[in-house]
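K.L.:
3D model of this:
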Amino acid sequence: MSALLEVQGIGSGYGDVPVLSDVSLSVGADEIVSVVGANGAGKTTLLSTISGLLPCTAGTIRFDGEQIERLAAHDVVTRRLVMVPEGGRLFPFMTVLENLELGAFNASARPNLKASLDDVLAHFPILAERRQQLAGSLSGGERQMCAIARAMMSQPKLLMLDEPSLGLSPLMVERVFELILSLAREKNIAVLLVEQNVGDALGMANRGYIIEHGRVIKSGTGDALLADQDVQRAYLGL
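P.N.:
You can find the predicted model right below:
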(Lines give C-alpha, C1' and ligand atoms only; values in the text may rest on other atoms or scores of the structure.)
Protein backbone atom coordinates (compact mmCIF):
# COMPACT_ATOMS: atom_id res chain seq x y z
CA MET A 1 0.00 0.00 0.00
CA SER A 2 1.39 3.40 -0.97
CA ALA A 3 1.98 6.06 1.65
CA LEU A 4 -0.29 9.07 2.03
CA LEU A 5 2.76 11.35 1.96
CA GLU A 6 5.94 10.41 0.09
CA VAL A 7 8.94 12.74 0.17
CA GLN A 8 11.78 11.61 -2.10
CA GLY A 9 15.24 13.19 -2.11
CA ILE A 10 14.12 16.77 -1.61
CA GLY A 11 16.33 19.81 -1.25
CA SER A 12 15.31 23.24 0.01
CA GLY A 13 16.59 26.37 1.68
CA TYR A 14 16.37 30.13 1.92
CA GLY A 15 17.56 31.99 -1.14
CA ASP A 16 21.10 30.84 -1.89
CA VAL A 17 21.46 29.14 1.50
CA PRO A 18 20.72 25.39 1.26
CA VAL A 19 19.22 23.73 4.35
CA LEU A 20 17.81 20.34 3.29
CA SER A 21 19.75 17.86 1.18
CA ASP A 22 18.39 14.58 -0.21
CA VAL A 23 15.70 14.17 2.48
CA SER A 24 13.26 11.26 2.10
CA LEU A 25 10.43 10.16 4.37
CA SER A 26 6.92 8.76 4.23
CA VAL A 27 3.73 8.89 6.29
CA GLY A 28 1.01 6.25 6.06
CA ALA A 29 -2.66 7.12 6.14
CA ASP A 30 -3.08 6.02 9.76
CA GLU A 31 0.39 6.81 11.10
CA ILE A 32 1.91 9.25 13.54
CA VAL A 33 5.42 9.99 12.32
CA SER A 34 7.84 12.17 14.31
CA VAL A 35 10.81 14.08 12.93
CA VAL A 36 13.20 15.02 15.72
CA GLY A 37 16.53 16.77 15.97
CA ALA A 38 18.34 19.70 17.47
CA ASN A 39 17.41 23.34 16.89
CA GLY A 40 18.57 24.38 13.42
CA ALA A 41 18.62 20.84 12.03
CA GLY A 42 16.13 21.70 9.27
CA LYS A 43 12.88 20.44 10.78
CA THR A 44 10.84 23.60 10.20
CA THR A 45 12.31 23.95 6.71
CA LEU A 46 11.10 20.43 5.96
CA LEU A 47 7.50 21.17 6.93
CA SER A 48 7.56 24.54 5.16
CA THR A 49 8.76 22.86 1.96
CA ILE A 50 6.13 20.11 2.11
CA SER A 51 3.40 22.70 2.70
CA GLY A 52 4.49 24.89 -0.23
CA LEU A 53 5.76 27.83 1.81
CA LEU A 54 9.32 27.26 0.59
CA PRO A 55 10.36 26.15 -2.90
CA CYS A 56 11.46 22.56 -3.35
CA THR A 57 14.79 22.73 -5.21
CA ALA A 58 15.23 18.99 -5.78
CA GLY A 59 13.29 15.76 -5.46
CA THR A 60 9.56 15.09 -5.37
CA ILE A 61 6.69 15.33 -2.89
CA ARG A 62 3.59 13.22 -3.43
CA PHE A 63 0.44 13.52 -1.34
CA ASP A 64 -2.55 11.21 -1.73
CA GLY A 65 -1.13 10.00 -5.05
CA GLU A 66 -0.55 13.48 -6.50
CA GLN A 67 2.72 15.29 -7.05
CA ILE A 68 2.56 18.59 -5.12
CA GLU A 69 6.05 20.07 -4.86
CA ARG A 70 5.23 22.82 -7.37
CA LEU A 71 1.88 23.78 -5.82
CA ALA A 72 1.28 27.04 -3.97
CA ALA A 73 0.64 26.76 -0.23
CA HIS A 74 -3.09 27.52 -0.54
CA ASP A 75 -3.48 24.72 -3.09
CA VAL A 76 -1.72 22.28 -0.77
CA VAL A 77 -4.18 23.11 2.03
CA THR A 78 -7.11 22.60 -0.35
CA ARG A 79 -5.85 19.03 -0.82
CA ARG A 80 -6.21 18.62 2.97
CA LEU A 81 -2.53 18.66 3.89
CA VAL A 82 -2.48 21.18 6.74
CA MET A 83 0.30 22.60 8.92
CA VAL A 84 0.20 24.12 12.41
CA PRO A 85 3.23 26.43 12.39
CA GLU A 86 5.60 26.95 15.28
CA GLY A 87 3.95 29.23 17.83
CA GLY A 88 0.51 28.74 16.26
CA ARG A 89 0.54 32.08 14.40
CA LEU A 90 -2.94 33.11 15.45
CA PHE A 91 -4.36 36.51 14.55
CA PRO A 92 -4.16 38.11 18.03
CA PHE A 93 -6.65 40.94 17.46
CA MET A 94 -9.33 38.63 16.10
CA THR A 95 -11.55 36.52 18.32
CA VAL A 96 -11.07 32.80 18.87
CA LEU A 97 -14.17 32.19 16.76
CA GLU A 98 -12.87 34.31 13.88
CA ASN A 99 -9.53 32.48 13.95
CA LEU A 100 -11.32 29.14 13.82
CA GLU A 101 -13.55 30.22 10.94
CA LEU A 102 -10.47 31.18 8.92
CA GLY A 103 -9.39 27.55 9.11
CA ALA A 104 -12.31 26.66 6.83
CA PHE A 105 -11.56 29.41 4.31
CA ASN A 106 -10.23 27.07 1.61
CA ALA A 107 -12.66 25.83 -1.04
CA SER A 108 -12.70 22.19 0.08
CA ALA A 109 -13.55 22.98 3.72
CA ARG A 110 -15.83 26.02 3.38
CA PRO A 111 -19.08 24.15 2.62
CA ASN A 112 -18.73 22.25 5.92
CA LEU A 113 -17.83 25.25 8.10
CA LYS A 114 -20.77 24.99 10.52
CA ALA A 115 -20.47 21.24 11.07
CA SER A 116 -16.70 21.53 11.46
CA LEU A 117 -17.06 24.37 13.95
CA ASP A 118 -19.57 22.43 16.05
CA ASP A 119 -17.26 19.43 16.06
CA VAL A 120 -14.14 21.45 16.94
CA LEU A 121 -15.85 23.27 19.80
CA ALA A 122 -17.07 19.93 21.16
CA HIS A 123 -13.49 18.62 21.14
CA PHE A 124 -12.06 21.86 22.57
CA PRO A 125 -14.53 22.98 25.25
CA ILE A 126 -12.15 25.66 26.54
CA LEU A 127 -12.31 27.32 23.12
CA ALA A 128 -16.10 27.21 23.21
CA GLU A 129 -15.92 29.15 26.47
CA ARG A 130 -13.42 31.61 24.99
CA ARG A 131 -14.96 31.94 21.52
CA GLN A 132 -15.59 35.72 21.80
CA GLN A 133 -12.24 36.40 23.49
CA LEU A 134 -9.35 37.92 21.52
CA ALA A 135 -6.90 35.19 20.56
CA GLY A 136 -3.98 37.29 21.78
CA SER A 137 -5.34 37.16 25.33
CA LEU A 138 -5.26 33.35 25.54
CA SER A 139 -2.69 31.49 27.62
CA GLY A 140 0.13 29.68 25.82
CA GLY A 141 -1.60 26.32 26.04
CA GLU A 142 -4.92 27.77 24.90
CA ARG A 143 -3.23 29.42 21.91
CA GLN A 144 -1.71 26.09 20.88
CA MET A 145 -5.11 24.41 21.20
CA CYS A 146 -6.68 27.16 19.10
CA ALA A 147 -4.02 26.72 16.42
CA ILE A 148 -4.63 22.96 16.29
CA ALA A 149 -8.39 23.50 16.26
CA ARG A 150 -8.06 26.01 13.40
CA ALA A 151 -6.11 23.41 11.42
CA MET A 152 -8.82 20.82 12.10
CA MET A 153 -11.35 23.21 10.55
CA SER A 154 -9.59 22.50 7.23
CA GLN A 155 -10.60 18.82 7.55
CA PRO A 156 -7.05 17.50 7.11
CA LYS A 157 -6.10 14.06 5.91
CA LEU A 158 -2.63 14.78 7.24
CA LEU A 159 -1.89 17.22 10.05
CA MET A 160 1.66 18.58 10.30
CA LEU A 161 2.68 20.17 13.61
CA ASP A 162 5.81 22.24 14.11
CA GLU A 163 7.07 22.20 17.73
CA PRO A 164 3.63 22.11 19.42
CA SER A 165 5.27 21.83 22.88
CA LEU A 166 7.40 24.96 22.48
CA GLY A 167 7.13 27.29 25.49
CA LEU A 168 4.51 25.22 27.30
CA SER A 169 4.62 23.93 30.88
CA PRO A 170 5.27 20.18 31.34
CA LEU A 171 1.62 19.65 32.30
CA MET A 172 0.38 21.48 29.21
CA VAL A 173 2.86 19.61 27.01
CA GLU A 174 1.32 16.35 28.23
CA ARG A 175 -2.19 17.64 27.50
CA VAL A 176 -1.25 18.78 23.99
CA PHE A 177 0.34 15.44 23.10
CA GLU A 178 -2.70 13.57 24.47
CA LEU A 179 -4.91 15.82 22.34
CA ILE A 180 -2.88 15.07 19.20
CA LEU A 181 -3.13 11.33 19.87
CA SER A 182 -6.88 11.44 20.45
CA LEU A 183 -7.53 13.52 17.30
CA ALA A 184 -5.45 11.14 15.19
CA ARG A 185 -7.38 8.14 16.46
CA GLU A 186 -10.88 9.61 16.50
CA LYS A 187 -10.62 11.43 13.17
CA ASN A 188 -8.49 8.81 11.37
CA ILE A 189 -5.96 11.39 10.28
CA ALA A 190 -2.24 11.00 9.78
CA VAL A 191 0.16 13.18 11.76
CA LEU A 192 3.64 14.42 10.91
CA LEU A 193 5.10 15.86 14.09
CA VAL A 194 8.29 17.94 14.28
CA GLU A 195 9.71 18.25 17.79
CA GLN A 196 12.79 18.98 19.89
CA ASN A 197 11.09 17.07 22.72
CA VAL A 198 12.58 13.78 21.52
CA GLY A 199 11.33 11.43 24.23
CA ASP A 200 7.66 12.39 23.99
CA ALA A 201 7.69 12.72 20.21
CA LEU A 202 9.16 9.26 19.59
CA GLY A 203 7.11 7.76 22.42
CA MET A 204 3.85 8.58 20.62
CA ALA A 205 5.09 7.82 17.09
CA ASN A 206 4.63 4.73 14.97
CA ARG A 207 7.84 5.68 13.19
CA GLY A 208 10.43 8.42 13.47
CA TYR A 209 13.25 10.15 11.64
CA ILE A 210 16.32 11.81 13.13
CA ILE A 211 17.48 14.85 11.19
CA GLU A 212 20.84 16.60 11.54
CA HIS A 213 22.27 19.39 9.40
CA GLY A 214 19.48 19.03 6.84
CA ARG A 215 19.85 15.27 6.36
CA VAL A 216 18.05 12.22 7.74
CA ILE A 217 20.65 10.22 9.68
CA LYS A 218 18.42 7.54 11.28
CA SER A 219 14.92 6.19 10.91
CA GLY A 220 12.87 3.39 12.42
CA THR A 221 9.97 2.70 14.74
CA GLY A 222 9.54 5.09 17.63
CA ASP A 223 10.45 2.37 20.12
CA ALA A 224 13.57 1.34 18.19
CA LEU A 225 14.85 4.91 18.03
CA LEU A 226 14.21 5.43 21.74
CA ALA A 227 16.28 2.31 22.44
CA ASP A 228 19.10 3.39 20.12
CA GLN A 229 22.21 4.22 22.16
CA ASP A 230 23.27 7.04 19.80
CA VAL A 231 19.85 8.66 20.14
CA GLN A 232 19.90 8.22 23.91
CA ARG A 233 23.32 9.88 24.20
CA ALA A 234 22.65 12.72 21.78
CA TYR A 235 19.08 13.64 22.64
CA LEU A 236 17.98 12.02 25.90
CA GLY A 237 21.00 12.66 28.11
CA LEU A 238 21.44 8.95 28.89
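
K.L.:
Would you mark the buried spots in the lengthiest helix in the chain?
P.N.:
Longest helix in the chain, counting residues (DSSP state H): helix 170-187. The neighbour-count criterion (16 or more other CB atoms under 10 Å) identifies 172-173, 176-177, 179-180, 183-184 as the buried residues of helix 170-187. The way it works is simple: take the backbone N, C-alpha and C, and place the C-beta from them, glycine included.

K.L.:
Which elements pack onto it?
P.N.:
strand 32-36, helix 140-152, strand 158-162, strand 190-195 (3 or more CB pairs under 8 Å, 6 or more residues apart in numbering; DSSP states H and E).

K.L.:
same for the second one, what does it pack against?
P.N.:
Same thing as helix 140-152. strand 81-84, helix 96-102, helix 113-123, helix 125-129, strand 158-162, helix 170-187.

K.L.:
Please identify which of these is closest to Gly136.
P.N.:
helix 96-102 (10.1 Å; CB to CB).

K.L.:
so how far is that closest one off the chain centroid?
P.N.:
From the chain centre to the centre of helix 96-102 is a distance of 19 Å (CA atoms, centre = their mean, to the nearest Å).

K.L.:
For it, buried residues please.
P.N.:
So for helix 96-102, counting by 16+ other CB under 10 Å, buried means 96-97, 99-101.

K.L.:
Ok, stretch 129-140 next?
P.N.:
Quick answer for stretch 129-140 (16+ other CB under 10 Å): 130-131, 134-135, 138.

K.L.:
what comes into contact with that stretch?
P.N.:
90-97, 99-100, 121, 142-143, 146, 167-169, 172 (CB atoms under 8 Å, 6 or more residues apart in numbering).

K.L.:
Can you give me the first-to-last residue distance of that stretch?
P.N.:
Taking CA to CA, to the nearest Å as the measure, stretch 129-140 stretches 16 Å from start to finish.

K.L.:
Give the rounded mean pLDDT of it.
P.N.:
Confidence over stretch 129-140, taken as the mean pLDDT, stands at 93.

K.L.:
roughly how far out does it sit from the chain middle?
P.N.:
22 Å.

K.L.:
any chance of the helices and strands packed on helix 140-152 in CSV, plus distance to Ala205?
P.N.:
Below are those laid out as CSV (distance: least, CB to CB, whole Å):
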stretch, distance to Ala205
strand 81-84, 17
helix 96-102, 27
helix 113-123, 22
helix 125-129, 26
strand 158-162, 12
helix 170-187, 10
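
K.L.:
Nearest to Val19, out of those?
P.N.:
strand 158-162 (14.4 Å).

K.L.:
so what strands line up beside that closest one?
P.N.:
strand 81-84 (parallel), strand 190-195 (parallel) (DSSP bridges).

K.L.:
which one of those lies closest to Val231?
P.N.:
Among these, the nearest to Val231 by CB to CB is strand 190-195 (13.3 Å).
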